[in-house]
Structure formats: structure tokens, C-alpha cells
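A.B. asks: fold the following for me, if possible:
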Amino acid sequence: QVQLVESGGGLVEAGGSLRLSCSASGRTFSSYTMGWFRQAPGKEREFVAAISFTGYTSYADSVKGRFAVSRDNAKNMVYLQMNSLKPEDTAIYYCAARSSRTSRIYSEYDYWGQGTQVTVSS
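C.D. replies: Residues are numbered from 1 along each chain as shown. Below you'll find the predicted structure:
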């Protein structure tokens, strides 16, 4: 069982930066792939980024070059550094975990946090 808690969301102007954090419980955190997804009002949940237990990273095309995912296994933490934010990045951001290789499909993740709101003003 893994419990996830996101933090770091907020209101930022376009072009600004935010760093989201996800704290995970459980002694096997280092063996999980960690993903970030987001959901805007009226839209489906979409993949943002993922990092495997080996450190392999994957990004959605819409955030590639602007966002960076990282993890600290010693602290059971995963991060999403978001730079050059755009109004279209506005969404609730969710941290997720799965005990297998990286995936862009949200239904393949087993554990989810409650989400943190990111709002980018124009």
C-alpha cells in the first residue's frame, strides 16, 4: 500500500515556475514508477510525466523542455519542476504510483494522491 500527498500548487503568472512535491509512504517506494497527471475542468485526466525506479523519464509533448520530473528515494519524494508555465497548464495535478515500468495511461496506475491545484494567469 502506498499513500501519496501532493503539495506545491498555487497561482502563478504565465512564464513563471512552480515546483510540485509528492510525498509517498511505504518502504518499497524506490521500486515504484511515479507519474504526474493533470486534469483541467471539463477535460480528461492526461499524462504529464513519469519517472521509473531506474530514473528513466518520460514526458508529454506539451511539457517537454519545460517540465522536469525527479525523485529522491531516500526521502520517498518525487518532484515536478514546472518552468515557463502557460495558462493551458492550469489544472489539478495528481501524483500516481505503479509497481511496473513507466506508463502514460492513468488507469494503469495503482495509487493516487488527492491532487494539488495549479493556476496560471495570463
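A.B. asks: please look at C95 and E6 and confirm they touch.
C.D. replies: Yes - here C95 reaches E6: they are 4.9 Å apart, a contact under CB atoms under 8 Å. Just so you know, the C-beta spots here come from the backbone N, C-alpha and C atoms, and that holds for glycine as well.
A.B. asks: so what sits against both of those two?
C.D. replies: Contact with both C95 and E6 is made by residues 20, 22, 113, according to CB atoms under 8 Å, 6 or more residues apart in numbering.
A.B. asks: residue contacts, A50?
C.D. replies: For A50, the contacting residues are 33-36, 57-58, 69, 102-104, by CB under 8 Å, 6+ apart.
A.B. asks: so between C95 and E6, which is more surrounded?
C.D. replies: Neighbour count, other CB atoms under 10 Å: between C95 and E6, C95 has more, with 27 against 22.
A.B. asks: in the host helix or strand of S23, which residues are buried?
C.D. replies: Secondary structure from DSSP states H and E places S23 in strand 18-24. For strand 18-24, the neighbour count (16 or more other CB atoms under 10 Å) marks 18, 20-24 as buried.
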